[in-house]
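[1] After the sequence you'll find the predicted model.
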Amino acid sequence: MTVMAVSISEICENTKLAREMALMGNYESANVYYQGVIQQIHRLLLTIADPTRKGKWQSVQRQINQEFEHVKAMMNTLQLFKVDSHPDKPVGFSLARFEEPTRDPQLCYGAASHDPDVWPPPPPREDVNWPLPTSAEHKSIPHVKPLRSLQKKDTKPAARNQRSTNSNATINSRRVVDSKQTKKQEDRTKQTKRPDEKKEEKEKADKEKEDEPEEEEKRFEGSGYDRDLIDMLERDIVQKNPNIHWDDIADLHEAKRLLEEAVVLPMWMPDFFKGIRRPWKGVLMVGPPGTGKTMLAKAVATECCTTFFNVSSSTLTSKYRGESEKLVRLLFEMARFYAPSTIFIDEIDSLCSRRGSESEHEASRRVKSELLVQMDGISSNSEDPGKIVMVLAATNFPWDIDEALRRRLEKRIYIPLPNSDGREALLRINLREVKLDPDVDLKEVAARLKGYSGADITNVCRDASMMSMRRKIAGLRPDQIKQLPKEELDLPVSVLDFEEALAKCNKSVSKEDLEKYEKWMNEYGST
Ligand code: ADP
């Protein structure tokens with residue numbers, strides 16, 4: 001993925017606009033500008049090597065994030081007071097409603113991507129040149145309302161709204177005018193109202209909101225299925241916001257690019273991805289354990305704003321035994337309903353051990369057959385090609401997967417152990433919250449970690465960051481430990497800490513294993 005140059009003056013200008021909009025009470029627009037600025041700073045940070053400069057920009061990033069959180073909190077509060085607009089009411093009284101967060105892939109993806117060309121379109125302002133999508137582009141974007149029942153699980157309002165690039169992208173100038181006029185009206189009314197009147201009004205508004213028909217809620221009913229089974233799936237398998245971003249994953253640029261291409265482009269250009277160009281039925285991620293396959297699947301769902309169904313094969317065959325095939329059917333039906341969706345099947349090998357092999361249970365054979373049927377069904381959803389359901393599978397044992405399934409997992413990509421740059425990037429990601437002794441050279445540490453998986457490296461970092469604390473508390477009684485001041489425990493991680501951690505943590509993947517993966521990929525890989 002190429003990182004495009006970011007102009008600092010653009011960042012300043014957009015920050016100014018974001019603040020201006022926020023100060024004017026035009027929170028919807030401020031929201032869009034803040035998102036843009038955050039992305040630009042993020043992209044800029046990717047290009048800065050000097051730690052001092054980077055640190056300064058990171059502190060700017062934190063500040064902008066804080067401001068953005070305030071704006072979002074303000075929008076949330078305002079939303080509590082809003083009532084539905086009605087065509088018969090005069091403009092001044094029709095309060096523009098903030099729509100719920102959407103999984104509109106273009107907007108959402110744009111908000112998280114590194115490319116300014118795919119920013120969510122801002123409110124129309126003649127003096128700003130933004131890359132507005134054409135109406136054709138707008139039309140092609142599938143718009144899916146979120147699962148309200150699942151949203152409730154998100155406890156933090158900020159987190160809930162983080163991805164809500166929402167309707168801002170489609171607000172028109174009329175709405176901007178409306179909301180400004182409404183704000184003035186609100187302010188005027190607020191000044192003349194007594195507190196008890198205000199309270200009454202709020203109660204009335206709350207009541208109206210309760211009585212309001214929940215027309216926006218799009219809830220899967222699944223006739224013919226047991227409600228308990230549906231609830232179980234929603235509770236255990238649908239993950240609303242996996243909250244893993246591309247940046248949380250070190251290295252693996254090629255895998256990220258491929259996944260974006262496999263999932264995002266067909267959603268943006270459904271008309272193009274037809275016939276011979278139809279989207280892949282499934283993508284198989286192959287590689288040693290702990291290399292980030294699960295993280296990649298979660299990032300696809302987060303960054304591409306697809307509904308994420310996270311299911312491991314062992315769950316399918318054990319926990320729901322007896323109901324397994326039904327569950328697979330329901331899983332796909334639900335995924336189609338909430339499309340665009342990503343179904344992530346971890347440890348797919350355990351479900352698909354070679355057909356006819358001794359280890360093959362009757363139950364898993366049936367589940368596997370159902371899975372094959374469902375995957376075939378994915379590609380024939382020709383009525384609405386934008387409603388993509390993508391199967392992403394992961395395995396540490398690709399050689400155990402039978403041919404029928406392998407054929408359906410058309411893209412087979414290798415997720416390798418991190419190379420030296422990847423190891424260094426992973427060290428930085430893992431250690432971003434702890435202090436580092438200036439003597440620590442992460443390049444050198446990365447060199448010492450050759451052959452370690454991502455998960456091994458994370459373990460080394462965790463261990464190293466706790467070493468000084470372990471030394472401090474050695475031999476102390478619990479009451480003495482409790483009295484230790486925080487500063488004494490929170491010491492920078494030193495070279496010695498890394499030495500000790502490295503001596504304790506061994507690599508988990510052998511050379512022979514790696515050779516096996518390479519051999520399999522040479523034979524069956526398709527990247
Ligand atoms: P896999 O699914 O390949 O077995 P996971 O995605 O579950 O591996 O990763 C296990 C852990 O290892 C993660 O929680 C993370 O801490 C760490 N990890 C592995 N690879 C990476 C990576 N490329 N970037 C960041 N963290 C990683």
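    That came in fine, so what should we check first? Quantities reported herein were computed from a predicted structural model and do not represent experimental measurements.

[2] Can you name the residue of this protein nearest to the ligand?
    G454 (2.1 Å; C-beta to the nearest ligand atom). Where you see a C-beta, it was placed from the backbone N, CA and C, and this is true even at glycine.

[3] ok, that residue touching G287?
    No. Using C-beta atoms under 8 Å, G454 makes no contact with G287, being 10.0 Å away.

[4] what do the two both touch?
    Here G454 and G287 have L417 as joint contacts, going by C-beta atoms under 8 Å, 6 or more residues apart in numbering.

[5] Once you drop chain neighbours, what's closest to E254?
    In space, and not counting its chain neighbours, E254 is closest to T527: 7.3 Å by C-beta to C-beta, 6 or more residues apart in numbering.

[6] now G290
    Of all residues not flanking G290 in the chain, A455 sits nearest, at 2.7 Å (C-beta to C-beta, 6+ apart).

[7] Look at that neighbour and tell me its secondary structure.
    Going by DSSP: H, G, I helix; E, B strand; the rest coil, the secondary structure assigned to A455 is helix.

[8] Close to the ligand: what parts of the chain are there?
    Within the chain, the positions near the ligand by C-beta under 6 Å from any ligand atom are 249-252, 289-295, 394, 426, 429, 454-455, 458.

[9] What subset of those is buried?
    Using 16 or more other C-beta atoms under 10 Å as the burial test, the residues of the chain next to the ligand include 249-252, 289-295, 394, 426, 429, 454, 458 as buried.

[10] Which of the residues you listed fall within helices?
    With DSSP state H as the criterion, helices contain K293, T294, M295, L426, I429, G454, T458 from among these.

[11] got the contact list for the third one?
    For M295, the contact set (C-beta under 8 Å, 6+ apart) comprises I244, D248, I249.

[12] And the first one, how close does it get to R19?
    This points to I244. 30 Å (C-beta to C-beta, to the nearest Å).

[13] Between the two, which is the more surrounded one?
    I244 (20 against 17; other C-beta atoms under 10 Å).

[14] if we can go back for a sec, and the buried ones among the residues of the chain next to the ligand, which two are furthest apart?
    Farthest pair in these (C-beta to C-beta) is A394 and I429. Separation: 20.3 Å.

[15] coming back round to it: closest to D228 out of the buried ones among the residues of the chain next to the ligand?
    When those are ranked by distance to D228 (C-beta to C-beta), T294 comes first, at 27.4 Å.

[16] ok, now which ones touch that closest one?
    The neighbourhood of T294, defined by C-beta under 8 Å, 6+ apart, consists of F344, D346, A394.

[17] So for the second one, what's the nearest residue that isn't a sequence neighbour?
    Excluding its sequence neighbours, the residue lying closest to D346 (C-beta to C-beta, 6+ apart) is S312, at 4.2 Å.

[18] so what's that neighbour up against?
    Per C-beta under 8 Å, 6+ apart, neighbours of S312: I345, D346, E347.

[19] Could you tell me how many residues sit around the last one?
    When you say that, I think you mean E347. Neighbours of E347 (other C-beta under 10 Å): 19.

[20] and if you look at the second one?
    Applying other C-beta under 10 Å, we find 22 other residues in the vicinity of D346.

[21] Hmm, it is touching V311, no?
    Yes. Here D346 reaches V311: they are 7.4 Å apart, a contact under C-beta under 8 Å.

[22] what residues does the helix or strand containing L330 touch?
    Here L330, judged by DSSP states H and E, is contained in helix 324-337. Helix 324-337 has contacts (C-beta under 8 Å, 6+ apart) with 218, 220, 222, 225, 229-230, 233, 237-238, 307, 309, 311, 316-317, 320, 341, 343, 363, 366-367, 369-371, 374, 377-378, 381, 387, 389.

[23] now those: which count as buried?
    220, 222, 225, 230, 233, 237-238, 307, 309, 311, 316-317, 320, 341, 343, 363, 367, 370-371, 374, 378, 381, 387, 389.

[24] Just the ones of those residues in strands?
    V238, T307, F309, V311, S341, I343, V389 (DSSP state E).

[25] show me the contacts for Y414.
    Residues near Y414 by C-beta under 8 Å, 6+ apart: V286, G287, Y517, M521, G525, T527.
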